[in-house]
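>>> I'll drop the sequence and a predicted model, then ask my questions.
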Amino acid sequence: MSPDYQLLFFLNHLKTNAMYTKWNTIRGVIALCTLSYLPLAAQWTPEFSLQFKNITGVSLSPDGKYAAYAVSEPVTAGEKSEYLQQIWVSALDGSLREPYTHSEKSSFAPAFSPDGQKIAFISARSGKNQIWVMRLLGGEAEMLTDVKKGVAGFQWAPDGRTIAFLSANSDSEAEEKARKEKRDAWVVDENFKYRHLYTIPLSKDADGKRAVRRLTQGAFYVNDFDWSPDSKTIVFSHKPDPTINAGYKSGDISLVPADSGAVTPLVSWAGVDQSPKYSPDGKYIAFSSSGKEPALIGLQDLYVVPAAGGAPIPMPLTPDRNASLLGWSADGQQLLFAESLQTSGTAMRIPVGAAIAGKKSAVRAQALCPLEGTSNNFSMAATQNLLAYVYQTPDKPAELYVSGLDGSNPRAVSQVNSQVALPKMGKTEVIRWKSSDGLEVEGLLTYPVDYEPGKKYPMALQIHGGPAGVFSKSFTGAAGIYLNQYFAQQGMFVLRPNPRGSVGYGKDFRYGNYKDWGFGDYEDVMSGVDHVIQKGLADSSKLAVMGWSYGGYLTSYLVTKTNRFKAASVGAGLTNLISMFTTNDIPEALVGYFGVDPWDDFDLYEKHSAIYHVKEVTTPTQIVHGAEDQRVPISQGQEFYTALRRLGIPSEMVILPRTPHGPQEPKLLIDVSPRIMKWFDTFLNIKP
């Protein structure tokens, strides 16, 4: 950026946001002064963890000079407990880092216009999530859309004249009237509100208006889409209805002209197809798919299909066969995708030219991000050979980085967390061990903050959700349900294993717990506990266990099989797979792991459900559950809690109000770990 351009940017931004800029400057001085006098004895507390900001949607400008991104931080003053997102812009040469939006409502999902002169984003500042547009040089944002159900996602047309967006069907006048008159009962699985494609021009007509054009309609739900390079066609993926469960079973890809609603099917086999991306020349469309049939445990291979129609062409297999497609290289010879590689999330690239030409290639996928940590929220500027991503390590909080598309020259372009002085940390390392059947398992071990070699410490086993989740090399001081550095500060080891069923270790490993929940995975985590004990680190008489979702499931099942743990905390756990199947919103996921519906094999479901073995429990067990959880209904926690109480096992149940499948409010988020710590300390006597 030239000095004159920098000055113009600054003056325009300052003129529009003078009061905010003045306050921001004062706030920055206060923050620096505060940090200068930060007590040397600062410790990891739940409140301290809320200082760290998250970076979400990222967009690189087409010329490769700027990055726009959303920064999320908690608002907890008084009665408020929410996360607020605002757009920031950074120059990649380091000459500029500015907050770009300043509203009491969140602004997120920024996207540069094709000419790089404007930024569009989504904000609810008008009441609903709508698309807003503002100039790169600053100024007032203009609301582009005004649709009743709000905007769920959008994308600029390559010619910059139009924006396509997704929005759900509006309620009819009769439905609105019934709701106002309190006559709004509904029938389950009927009258779905489908999501469809629309376009809106950037320019106003002679009457000063912008006419919204609807491109798709009918009984299907649009997931995502991509413009053709000539701005004439949109390719989109869709599923039969809006339910999450439908996405496990079906998903197709179709085309629609940008000036009409004539939809043409492109890929419609039985597998689940998603994330279509046009090649730079517009001749091909890449997508991820489970193939010719659904794969309920999870399978996303890469395919390419001619845009004019034809049979999908399989691309080289990715390491985990779980690829999230990012896009094409500028020359159309490589596909970029995101995938977990053991304990690192990373972007990867793989050559596809040979496969498209019908030839075999032995070239493997290449990781593009540093594997000392983990990366996510990727954005490409393919013509500028640039990749942006949010990167963090166990001992460094998240920042936005940029590198070449080959992973070269990675460098930070944000400083959203750079001014937070870190207290002394408990180190985190990757460890490996052999399970009871010889399977190699990997995990992360966080040490107590003031660890003394030769001394044994209490240890908490933490089990991840999924089961196709993974513990990665993310920052251990960030706010979350389980505050790793907080537990380390209390003098505990925290072991986070990736047992069979985890992503990042290949398809066979991910499918390793098929019809085996609570058995092979149990051996994997328990052998990890034994490994740490044998290393002389953990005190075998002071063990605790905790986990959320599937982690809560395995925690509940684990305490029916062993009394080695002095205390347990079951977070949103599946404790009765039969009642779970009939009350949650994704029964198809359980069919994926157990092969049948419960009524076709009640014995199988009972065998793997903790509630049917609850009489074996002797471990004091805490239950934590969200009051509004539909993924794992609160009745799952209530069943286990009631059984434990009637059996005389020390137990308590903590209900988080307004909470779905995990806390969304910062005050509730950081409320969980102290409750768990208090429960653990009651039975382990952790604190001196």
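Arrived safely, thanks for sending.

>>> The stretch 101-250 of the chain: helices as residue ranges?
Residue ranges of the helices in the stretch 101-250 of the chain, as given by DSSP state H, counting those that start in this stretch, are 173-180, 246-249.

>>> Let me have those helices in TSV, adding distance to residue 94, mean neighbour count and mean pLDDT as columns.
Yep, even glycine has a C-beta here, placed from its N, CA and C like the rest. Listed next are these as TSV, based on distance: least, CB to CB, whole Å; neighbours: other CB atoms under 10 Å; pLDDT from 0 to 100:
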stretch	distance to residue 94	mean neighbour count	mean pLDDT
helix 173-180	52	11	90
helix 246-249	41	19	91
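
>>> Show me what residue 112 bridges to in the sheet.
For residue 112, the beta-bridge partners under DSSP bridges are residue 119.

>>> Near it, how many other residues are there?
Residues within reach of residue 112, counting by other CB atoms under 10 Å, total 25.

>>> Please apply the same query to residue 96.
Neighbour tally, residue 96, other CB under 10 Å: 19.

>>> circling back to that earlier point, select, out of the helices of the stretch 101-250 of the chain, the one closest to residue 467.
helix 246-249 (14.6 Å; CB to CB).

>>> what residues does the closest one touch?
With contact meaning CB atoms under 8 Å, 6 or more residues apart in numbering, helix 246-249 is reached by 221, 223, 239-240, 272, 294, 296, 586, 588-589, 592.

>>> ok, and the most crowded of those residues?
Going by other CB under 10 Å, residue 272 tops these with 26 neighbours.

>>> contacting residues for that residue?
The neighbourhood of residue 272, defined by CB under 8 Å, 6+ apart, consists of 239, 247-251, 289-290, 294-295.

>>> which non-adjacent residue is nearest it?
Spatial nearest neighbour of residue 272, excluding adjacent residues (CB to CB, 6 or more residues apart in numbering): residue 251 at 4.0 Å.

>>> circling back to that earlier point, could I get the helices of the stretch 101-250 of the chain in TSV, plus columns for distance to residue 231?
Below are these laid out as TSV (distance: least, CB to CB, whole Å):
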stretch	distance to residue 231
helix 173-180	35
helix 246-249	29
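
>>> of all those, which lies closest to residue 114?
Residue 114 lies closest, by CB to CB, to one member of these: helix 246-249, at 30.7 Å.

>>> where's that closest one relative to the chain centroid, distance-wise?
Relative to the centre of its chain, helix 246-249 is centred 19 Å away, using CA atoms, centre = their mean, to the nearest Å.

>>> Dump it to PDB, restricted to CA.
Provided in PDB are the C-alpha atoms of helix 246-249 (Å, rounded to 0.1, in the frame of the first residue of the first chain):
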ATOM      1  CA  ALA A 246     -31.600 -35.600   5.900                       C
ATOM      2  CA  GLY A 247     -28.000 -34.500   5.300                       C
ATOM      3  CA  TYR A 248     -26.800 -38.000   6.400                       C
ATOM      4  CA  LYS A 249     -28.900 -39.800   3.800                       C
END
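
>>> Against which helices or strands is the helix or strand just after it packed?
Using DSSP states H and E, the helix or strand that follows helix 246-249 towards the C-terminus is strand 252-257. Helices and strands touching strand 252-257, by 3 or more CB pairs under 8 Å, 6 or more residues apart in numbering; DSSP states H and E, are strand 233-239, strand 264-267, strand 273-278.

>>> Can you list the neighbours in contact with the longest one?
Defining contact as CB under 8 Å, 6+ apart, one finds that strand 233-239 is touched by 164, 197, 215-216, 220-228, 246-247, 250-258, 266, 272-276, 278, 285, 287, 307.

>>> try it again with 7 Å
Identification of contacts with strand 233-239 by CB atoms under 7 Å, 6 or more residues apart in numbering yields 164, 197, 215, 220-227, 246-247, 250-258, 266, 273-276, 278, 285.

>>> Could you tell me which of the residues you listed count as buried?
164, 197, 215, 220-227, 246-247, 250-256, 258, 266, 273-276, 278, 285 (16 or more other CB atoms under 10 Å).

>>> residues near residue 390, how many?
Look at residue 390: counted by other CB under 10 Å, it has 23 neighbours.

>>> In which helix or strand does it reside?
strand 386-393.

>>> Run through the strands of the stretch 501-650 of the chain in chain order.
538-548, 567-571, 621-626 (DSSP state E, counting those that start in this stretch).

>>> Go through these and pick out the most buried.
Mean neighbour count (mean count of other CB atoms under 10 Å) peaks for strand 567-571 among these, with a mean of 29.

>>> Given that strand, what are its sheet partners and their directions?
Strand pairing for strand 567-571, using DSSP bridges, gives strand 538-548 (parallel), strand 621-626 (parallel).

>>> can you pull out the strands in the stretch 251-400 of the chain?
252-257, 264-267, 273-278, 284-289, 301-306, 313-314, 324-328, 334-341, 344-351, 366-367, 374-381, 386-393, 396-404.

>>> ok, now how distant is residue 68 from residue 179?
38 Å (CB to CB, to the nearest Å).

>>> Ok, residue 327 next?
From residue 327 across to residue 179, the span is 41 Å (CB to CB).

>>> Make JSON lines out of the strands of the stretch 251-400 of the chain and add mean pLDDT and distance to residue 602.
Output for the strands of the stretch 251-400 of the chain, formatted as JSON lines (pLDDT from 0 to 100; distance: least, CB to CB, whole Å):
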{"stretch": "strand 252-257", "mean pLDDT": "98", "distance to residue 602": "35"}
{"stretch": "strand 264-267", "mean pLDDT": "97", "distance to residue 602": "38"}
{"stretch": "strand 273-278", "mean pLDDT": "97", "distance to residue 602": "34"}
{"stretch": "strand 284-289", "mean pLDDT": "98", "distance to residue 602": "34"}
{"stretch": "strand 301-306", "mean pLDDT": "97", "distance to residue 602": "35"}
{"stretch": "strand 313-314", "mean pLDDT": "96", "distance to residue 602": "39"}
{"stretch": "strand 324-328", "mean pLDDT": "97", "distance to residue 602": "37"}
{"stretch": "strand 334-341", "mean pLDDT": "97", "distance to residue 602": "35"}
{"stretch": "strand 344-351", "mean pLDDT": "97", "distance to residue 602": "39"}
{"stretch": "strand 366-367", "mean pLDDT": "96", "distance to residue 602": "45"}
{"stretch": "strand 374-381", "mean pLDDT": "96", "distance to residue 602": "40"}
{"stretch": "strand 386-393", "mean pLDDT": "98", "distance to residue 602": "45"}
{"stretch": "strand 396-404", "mean pLDDT": "97", "distance to residue 602": "46"}
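
>>> just to revisit the earlier point, relative to residue 73, which of the helices and strands packed on strand 252-257 is closest?
Checking the helices and strands packed on strand 252-257 against residue 73 by CB to CB gives strand 273-278 as the closest, at 29.5 Å.

>>> strand partners of the closest one, parallel vs antiparallel please.
Sheet pairing of strand 273-278 (DSSP bridges) gives strand 284-289 (antiparallel).

>>> what does the strand it pairs with rub up against?
Counting by CB under 7 Å, 6+ apart, 235, 253, 266-267, 271-279, 300-307, 323-325, 328, 335, 356 sit against strand 284-289.

>>> that older thread, residue 85: which of the strands of the stretch 251-400 of the chain is closest?
strand 374-381 (12.6 Å).

>>> I figured residue 299 hits residue 320, correct?
No: Residue 299 lies out of contact with residue 320 (CB atoms under 7 Å); the separation is 9.9 Å.

>>> what about these two, which has more around it?
Using other CB under 10 Å, the more surrounded residue of residue 299 and residue 320 is residue 320, with 24 against 21.

>>> which ones are touching the more buried one?
For residue 320, counting by CB under 7 Å, 6+ apart, the contacting residues are 339-340, 503-504, 506.

>>> Kindly reformat the contacts of helix 246-249 as TSV containing pLDDT.
Below are the contacts of helix 246-249 laid out as TSV (pLDDT from 0 to 100):
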residue	pLDDT
221	97
223	96
239	96
240	95
272	96
294	91
296	89
586	94
588	95
589	95
592	95
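
>>> Which of those residues lies at the shortest distance from residue 551?
Closest to residue 551, out of all of the contacts of helix 246-249 and judged by CB to CB, is residue 589, at 15.3 Å.
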